[in-house]
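Colleague: This is the structure alone, sequence omitted:
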């Protein structure tokens, strides 16, 4: 691997109407997906959303109940896992405890009868900066080191697709941050398609080019981290990625490039391009950091009361109660414009229409909230 | 013990505190003494200058250790026991390991009855196992001897092997085998390079267990041995007229050999882990 | 002795991919199961068949014909009910004694042994390697009337001069408990070792004193080991005849002694078979009831 770019334009990974049933339970429901060759793709969702099942079907560890999976023009749906050019970095790594690090990495090469095993393994070890550990056994390595070895063991085979199953779940926060950057570097260096399964939205947003948010066996929304965060299309995505204020309201007019929404006698404006539904009953959404403690804007709520405040370093987070039964979260940056409010103070809130979005008002307003810490 | 202003507790108070804190350790030490008294006694009396009947201390001698085959038939009995032990261990380990893999790695009809068939010999007293086998041999007019002993030992060792190896298989992380498959190993290679090496310590432990059960078995052997002598049978038979000190030598030697094997095994496996 | 660990690891086994749709499992099972059927199941039936046989008038010693005489069971039981009941009493006492010795021992190894844990475990098994017959015979010497233990006890003021241990039921029970002690200790250790010490601290934190912690946390969590250990002690003890033969007297004979002598000394195969069958049936019933009641179904 003199040149670390190992990807050789193998084509996109395609899942076409894939389903997986376990008895009556539907783990993956008619899922279609195209992962472009060479991209860093994340499947994000709470536990039980079907993301791991999807991954295992791509790896060949489960067979789909229906649908096809292909890489480029090759259908791999029923191909045995040891025949497909897909490798996995397992949750908890699954390093072979009875083999040295060198032999762990050489395992796949030996099975395929590759000639120059030594130099291949060495360059893989160099890639993850673990060359000095070649003769150790897995149980003598720290979690972070094992993680890197697991990546090296998979990448050394130059797979068309590399699957990562919650690869950072077992690491502590600081190490996780470091490994996120590290994995991103490796992916850029080797250019292989990475599919990363995680329930940690921050992890997905940090690393992936494209994120697919999964819920109950289906993809809720797919896009870049910014797209998903700034313009979520469902309440689930809005709540699952970061925090979100949702206000139940009704669209009273759609004129020109904007829509007008009324809620509790107040009117709000939202660009038509940010209305994700044709329904008139909507959830009006705005992210906490977009709210300002002022009353000059187009969209504003007056006569709110501060019910809680907590100082978290870079910002102060307020819980503010609207004149009706609604609590809003407000993040205020710790800079000159700081208001320093106390619990019980009366305030007004305002935000820009272009930071507003409108979601389909049917369904659960709390969908996806408080799910990201599971597992 | 960094309290500064606390009044100094009295000596007896401290002693009783030490005692209650270490009660369980003292108890464990006593239990170990109980376990080892007969072993120590056996070892001591292997040096007894006793002649034929090793009952009363007559004086120290190394002669028994220098000439362990000195007493008539004792070495023949030991050789028989070793041969029976090795053959039974090999057979029981192979058969038991195969069953363990079937139970641990496959779905099949009849799992419940298989489990029951494995459990029953362990829940049957040795005297019944021995008597029933002998009853069958007698009905079939088979004369008991060396091979009937082997047959009976394999029979009662299989269950212990199955349980030991199955536990090891059950404790394997299935992701290791999936990882092997993911890394281009087909079913056979996965078994050969991942599953088998990882289950090996369990198989080795099962073999050691089978050997020690076989070597030390008396009751089942006694029923199915005919005129063939084994070491435990030799000891039992000669107990009436006095056991020669050489038997004590062999008992002690077995103890130390087994201990060395276990300790070497532990050290080797620890070294392997480190390298 | 890893098999003893098995008893308590069975339940927590990680879900593994079980393969199906193939002949392989049956091929793997066949040789071993055929062996067990041929040399365990068939002999048990053979024993059953022998148990109802009768010796014809004037026939040679050791010759019996099948007459389906089930009264053999009644005769055998009535003639030996003392030994029969004694076997279960001795086995029960020995099991309790072994439990009392083994539980604290296993507890100490699991929680208080630190880096010596492995060495101590080896030491628990180590006496096994000296022939158990030699060790049992050693007890007769150690507990002999003129031996150190008895002499020491006789020094006590309230002890009768005729006091002895050898050739008494006490000696038999001590011998049985001693013999099967490792079988009791190891499963107990295996299940105690799996207890997270933090759960014990948590119990203390939640206002349980030492005794309550033991009763409400430690004991229930060690239940699988306790069940396995008591079974592994009780079953062989109930059928044992070596301890009674070496350490006891004619009045302490157990059912094993009777079966053995019926077989070899008296050559009365039907009685021996009937007694064996009754013993096995009784033990199986007791074991089934015990396992059901203790709620540890997954013993195998």
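Modeller: Thanks, I have it. None of the values given here were measured: they were computed from a predicted structure.
Colleague: Tell me the buried residues in the lowest-mean-pLDDT helix or strand in chain A?
Modeller: One helix or strand of chain A scores below all others by mean pLDDT, DSSP states H and E: helix A:173-190, with a mean of 87. By 16 or more other CB atoms under 10 Å in any protein chain shown, the buried positions in helix A:173-190 come out as A:175, A:176, A:179, A:180, A:182, A:183, A:184, A:186, A:187, A:190. Every C-beta, even on glycine, is put in place using the N, C-alpha and C of the backbone.
Colleague: In contact with residue 184, which residues?
Modeller: Looking at chain A here, since you left the chain open. Neighbouring residues of residue A:184 by CB atoms under 8 Å, 6 or more residues apart in numbering or on different chains: A:40, A:206, A:207.
Colleague: To clarify, I was referring to chain C.
Modeller: Applying CB under 8 Å, 6+ apart, the residues near residue C:184 are C:95, C:98, C:99, C:101, C:102, C:229, C:230, C:232, C:233.
Colleague: That one sits in which helix or strand?
Modeller: Taking DSSP states H and E as the criterion, residue C:184 maps to helix C:181-193.
Colleague: and if you look at residue B:27?
Modeller: Per DSSP H and E: helix B:23-45 holds residue B:27.
Colleague: the longest strand in chain A is where?
Modeller: strand A:299-311 (DSSP state E).
Colleague: just checking, what packs against that strand?
Modeller: strand A:266-271, strand A:315-321, strand A:327-333, strand A:346-351 (3 or more CB pairs under 8 Å, 6 or more residues apart in numbering or on different chains; DSSP states H and E).
Colleague: angle of it against strand A:266-271?
Modeller: Interaxial angle, strand A:299-311 versus strand A:266-271 (axes from the mean of the first three to the mean of the last three CA atoms, to 10 degrees): 90 degrees.
Colleague: Show residues contacting strand A:299-311.
Modeller: Applying CB under 8 Å, 6+ apart, the set of residues contacting strand A:299-311 is A:266, A:268-269, A:286, A:294-295, A:316-323, A:327-328, A:341-353, A:356.
Colleague: Run through the chain and note the low-pLDDT ranges.
Modeller: No chain in the question, so chain A it is. A:1-9, A:337, A:370-375 (pLDDT under 70).
Colleague: I was after chain C.
Modeller: C:1-21, C:295-300.
Colleague: which residues of the stretch 51-200 of chain C fall in helices?
Modeller: Applying DSSP state H, counting those that start in this stretch to the stretch 51-200 of chain C gives helices spanning C:71-79, C:81-112, C:117-125, C:132-142, C:148-155, C:169-179, C:181-193, C:197-205.
Colleague: And for residue 254, the neighbour number?
Modeller: Since you didn't name a chain, this refers to chain A. If you count neighbours by other CB atoms under 10 Å in any protein chain shown, residue A:254 ends up with 13.
Colleague: my bad, the chain I had in mind was chain B
Modeller: 22.
Colleague: State whether it is indeed within a helix.
Modeller: Yes - counting by DSSP: H, G, I helix; E, B strand; the rest coil, residue B:254 is part of a helix.
Colleague: What sits closest to it if chain neighbours are left out?
Modeller: Nearest in space to residue B:254, with sequence neighbours left out and distances taken as CB to CB, 6 or more residues apart in numbering or on different chains, is residue C:129 at 5.4 Å.
Colleague: now the strands for the stretch 51-200 of chain A?
Modeller: Assigned by DSSP state E, counting those that start in this stretch, the strands in the stretch 51-200 of chain A fall at A:66-71, A:74-75, A:86-89, A:161-165, A:193-198.
Colleague: So which residues lie in contact with the helix or strand encompassing residue B:65, not counting its own?
Modeller: Assigned by DSSP H and E, residue B:65 belongs to helix B:63-66. Residues outside helix B:63-66 that contact it (CB under 8 Å, 6+ apart): B:46, B:47, B:48, B:49, B:70, B:245, B:246, B:248, B:249.
Colleague: The closest residue to the first one other than its chain neighbours: how many residues sit nearby?
Modeller: Spelled out, it's residue B:46. Leaving aside its sequence neighbours, residue B:46 sits nearest to residue B:248 (CB to CB, 6+ apart; 3.8 Å). Neighbours of residue B:248 under the rule other CB under 10 Å: 29.
Colleague: again, but for the one 3 residues further on
Modeller: Residues lying near residue B:251 (other CB under 10 Å) number 28.
Colleague: Would you agree it is in contact with residue C:131?
Modeller: Yes - using CB atoms under 8 Å, residue B:251 is in contact with residue C:131, at 4.9 Å.
Colleague: anything in stretch A:117-125 near chain B?
Modeller: No - using CB under 8 Å from any CB of the partner chain, stretch A:117-125 never reaches chain B; the gap is at least 12.7 Å.
Colleague: and that stretch, how far from the chain's centre?
Modeller: 32 Å (CA atoms, centre = their mean, to the nearest Å).
Colleague: Name the residues of that stretch that are buried.
Modeller: Result for stretch A:117-125 [16+ other CB under 10 Å]: buried residues A:117, A:120, A:121, A:122, A:123, A:124, A:125.
Colleague: and what of stretch B:122-133?
Modeller: B:122, B:123, B:124, B:125, B:126, B:127, B:128, B:129, B:130, B:131, B:132, B:133.
Colleague: for that stretch, the distance to its chain's centre please.
Modeller: For stretch B:122-133, the distance to the chain centre is 18 Å (CA atoms, centre = their mean).
Colleague: cool, stretch C:247-264 as well?
Modeller: 17 Å.
Colleague: So what touches it?
Modeller: B:125, B:127-128, B:131, B:134, B:219, B:222-223, C:80, C:83-84, C:86-87, C:90, C:136, C:139-140, C:143, C:166-169, C:171-172, C:174-175, C:238-241, C:244-245, C:268-269, C:271-272, C:275-276, C:279.
Colleague: looking at it, residue A:84 is touching residue A:76, isn't it?
Modeller: Yes - taking contacts as CB under 8 Å, residue A:84 lies within contact range of residue A:76: 4.9 Å.
Colleague: Domain parsing of the chain, as residue ranges.
Modeller: You didn't pick a chain, so chain A it is. Domain ranges of chain A: A:13-229, A:243-360, per automatic domain parsing.
Colleague: Not quite, go with chain B.
Modeller: Using automatic domain parsing, chain B is parsed into the domains B:73-232, B:244-275.
Colleague: closest to residue C:287 out of those domains?
Modeller: For the domains of chain B, the distance to residue C:287 is smallest for domain B:73-232, at 5.4 Å, taking CB to CB.
Colleague: what is the mean pLDDT for the closest one?
Modeller: Taken as a whole, domain B:73-232 carries a mean pLDDT of 91.
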